[in-house]
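Peer 1: this one's sequence-less:
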């Protein structure tokens, strides 16, 4: 399947590139939430956050931190969001893992998710579910 971000990396598709090194590429989103909205990708193709190897993720997050500072300062933004959408229900539309850096300004827009409320013991039950998976797979974390 053709990947637009791989095509941008390979210069087969146009993009306004703002940063590049041997591992990372950053370019402006063609459908920005705010001007300066930047996408940061690994040059190697990974479908989502869970498939990126630790060493690649370390390089990526370091670049995101640096680029976010540049985006915030250059856009004179009041703040910024760093967002990663993983899977269709989360809003992922390009299946090449990436971070969005969105400059934010006072009173630009509001994100209002529908907040849920835990029942009397359900918070503990959900915690147990997560802890069970962590316990089962902790060797992956330590390895």
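Peer 2: Perfect, thanks for sending it. Just so it is clear, the structure is predicted and the values come from calculations on it, not from any experiment.
Peer 1: run a quick neighbour tally on residue 28.
Peer 2: Neighbour count of residue 28, defined by other C-beta atoms under 10 Å: 15. In this view, the C-beta of every residue, glycine as well, is placed from N, C-alpha and C.
Peer 1: gap between it and residue 93?
Peer 2: Note on residue 28: its distance to residue 93, by C-beta to C-beta, to the nearest Å, is 16 Å.
Peer 1: what of residue 52?
Peer 2: 18 Å.
Peer 1: which one's more surrounded, those two?
Peer 2: residue 52 (18 against 8).
Peer 1: distance of residue 102 relative to residue 77?
Peer 2: For residue 102 relative to residue 77 (C-beta to C-beta), the value is 9 Å.
Peer 1: pull the contacting residues for residue 118.
Peer 2: Neighbour list for residue 118: residue 126 [criterion: C-beta atoms under 8 Å, 6 or more residues apart in numbering].
Peer 1: and the gap between it and residue 109?
Peer 2: Taking C-beta to C-beta, one finds residue 118 at 28 Å from residue 109.
Peer 1: next one: residue 134
Peer 2: 35 Å.
Peer 1: same check, this time on residue 45
Peer 2: For residue 45, the distance to residue 109 - C-beta to C-beta - is 31 Å.
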